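Colleague: Sharing a sequence plus its predicted fold:
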Amino acid sequence: MPPKLKTSGGISDVLTMELEQEEYERLVHRSRLMDLAQDILIVLDTYGVILDVNGAAAEMHGGVTADYIGRNCAEFLHPSSAQQMIDAAMAMYLGGVDSTDTMELKAIRHDGSTVYLQLRVSYSAKDMKFYVVERDVTVEFQRTSELIAMSEELRMQSLTDPLTSIPNRGAFDSAMEMVQEMDADAWLVMLDIDDFKAVNDTYGHVAGDGLLKAVAKNLSSAMGTDDLLARLGGDEFAIIIPEIDEAKFEERLEQIGRVANQSVTIDQIELKPHCSYGATRRLPGESMASWLRRSDRMMYSQKQARREVTEAA
């Protein structure tokens, strides 16, 4: 019902009555429009207090419109999003002009569940009010999160050796390129298992695969936090060790040699791997190919020396 108006019959009273009637009808019309709207509509004052809200907002958040009028919108936002909303509203208010901002926030429903909202917040400098249009994007957010997680899983799979579960050649190449781009100080260890083919020929590929997994596991135990151990393929492994001095590297290399040559038991078969390795420190400005070649040469020199000792025995 429109407000009851007192009049004295004068022209000014008639004009006042007409203006108040017009304002009343305008508010009723706006309320009807808000309730007909499918989008979630909220009107806030400059303190964030809810002045008006439509049925779609109450339905989405849970409850009825009367539950929201007069309460601060921050009450219905997730703590991680409340400050984001406050900062955005403050920036628009202090700007002193009509402005609009869009954002994505988390809100809390009556039942305690979390929803993800996409907001378009408009500030009217004349009315000194915020007009908020919300859209529930929870389903889209969940789908996007699932796609991101799936994409990351696929990316990790593409960089992981399926047999040993350590990084593969692709991951190694990426790390080497990064070292080169940064012109970083780092050590490279190239390692392979001597006479690995004989293990496959004598005990079968299951034993060979078991030996590769065991060597990878043992090498992993000797890695530092920032080291990268990768299987390049076959019985070849590589290790990148960044930014440690020569004395510490020698200690690390000794440990690597020790764990790489540990005896392992696979299907009740005891295998004693003999691993050859070559280690070099990257020279300033050195290319990836040159660095690899130097480490490879050292590894094959050690392999040849070990073979000569064996043949002489």
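Modeller: Structure received. Residues are numbered from 1 along each chain as shown.

Colleague: so how far is Trp187 from the residue lying closest to Ala184 once chain neighbours are set aside?
Modeller: What sits nearest to Ala184 in space, not counting adjacent residues and going by CB to CB, 6 or more residues apart in numbering, is Pro242, at 6.3 Å. C-beta coordinates here come from the backbone N, C-alpha and C atoms, glycine included. Distance, Pro242 to Trp187, by CB to CB, to the nearest Å: 8 Å.

Colleague: Which residue of the two possesses the greater neighbour count?
Modeller: The neighbour count for Pro242 versus Trp187, taken as other CB atoms under 10 Å, is higher for Trp187 (22 against 17).

Colleague: Quick check on that one: phi, psi?
Modeller: phi -110, psi 150 (degrees, to the nearest 10).

Colleague: what about Pro284, which SS state?
Modeller: coil (DSSP: H, G, I helix; E, B strand; the rest coil).

Colleague: 509 is where my numbering starts, stick with that
Modeller: Will do, 509 is the new start, and the previous item becomes Pro792.

Colleague: What does the closest residue to it other than its chain neighbours show for phi and psi?
Modeller: For Pro792, ignoring the flanking residues on the chain, the nearest one in space by CB to CB, 6+ apart is Asp691 at 6.5 Å. As for Asp691, its main-chain torsions (degrees, to the nearest 10) stand at phi 50, psi 50.

Colleague: mind listing the strands in the stretch 709-821 of the chain by residue range?
Modeller: 736-741, 744-750, 772-774, 777-779, 783-789 (DSSP state E, counting those that start in this stretch).

Colleague: any idea of the mean pLDDT for stretch 706-726?
Modeller: The pLDDT scores in stretch 706-726 average 93.

Colleague: now do stretch 586-605
Modeller: pLDDT averaged over stretch 586-605 gives 90.

Colleague: In that stretch, which residues are buried?
Modeller: 589-590, 592-593, 596-597, 600 (16 or more other CB atoms under 10 Å).

Colleague: Which residues outside it are in contact with it?
Modeller: 552, 554, 556, 581-582, 585, 607, 609, 611, 613-616, 622, 627, 629, 631, 633, 638 (CB atoms under 8 Å, 6 or more residues apart in numbering).

Colleague: And this structure, split by domain according to the record?
Modeller: 545-649, 669-820 (automatic domain parsing).

Colleague: Indicate which one of these is closest to Leu655.
Modeller: domain 545-649 (10.4 Å; CB to CB).

Colleague: Please state the offset of the closest one from the chain centre?
Modeller: Remark: domain 545-649 is offset 27 Å from the chain centroid, using CA atoms, centre = their mean, to the nearest Å.

Colleague: Any idea how many residues pack against Asp804?
Modeller: Asp804: 17 neighbours (other CB under 10 Å).

Colleague: And for Tyr639?
Modeller: 16.

Colleague: Tell me the bridge partners for the closest residue in space to it that isn't next to it in sequence.
Modeller: Leaving aside its chain neighbours, Tyr639 sits nearest to Ser630 (4.6 Å; criterion: CB to CB, 6+ apart). Applying DSSP bridges to Ser630 yields these beta-bridge partners: Thr608, Tyr639.

Colleague: tell me the contacts of Ser630?
Modeller: By CB under 8 Å, 6+ apart, the neighbours of Ser630 are 606-608, 638-641.

Colleague: Now do the same for the residue nearest to Ala692: its pLDDT.
Modeller: pLDDT, read off for Pro750, is 92.

Colleague: Isn't it up against Leu696?
Modeller: No. With contact defined as CB atoms under 8 Å, Pro750 does not count as touching Leu696 (10.3 Å).

Colleague: ok, now how distant is Gly604 from Asp595?
Modeller: In terms of CB to CB, Gly604 sits 17 Å off from Asp595.

Colleague: and if you look at Ala768?
Modeller: In terms of CB to CB, Ala768 sits 55 Å off from Asp595.

Colleague: same deal with Asp700?
Modeller: Taken as CB to CB, the span from Asp700 to Asp595 is 57 Å.

Colleague: I figured Ala692 was touching Ile748, is that so?
Modeller: No. Between Ala692 and Ile748 there is no contact under CB under 8 Å: 9.7 Å.

Colleague: Have a look at those two and say which one is more surrounded.
Modeller: When Ala692 and Ile748 are compared on other CB under 10 Å, the one with more neighbours turns out to be Ile748, at 22 against 13.

Colleague: what about the closest residue to Leu549 other than its chain neighbours, neighbour count?
Modeller: Distances taken as CB to CB, 6+ apart place Asn562 nearest to Leu549, at 4.5 Å, with adjacent residues excluded. Residues lying near Asn562 (other CB under 10 Å) number 22.

Colleague: Phi and psi next, for Asn562.
Modeller: Per degrees, to the nearest 10, the backbone of Asn562 is at phi -90, psi 170.

Colleague: ok, now how distant is it from Lys614?
Modeller: From Asn562 to Lys614 the distance is 21 Å (CB to CB).
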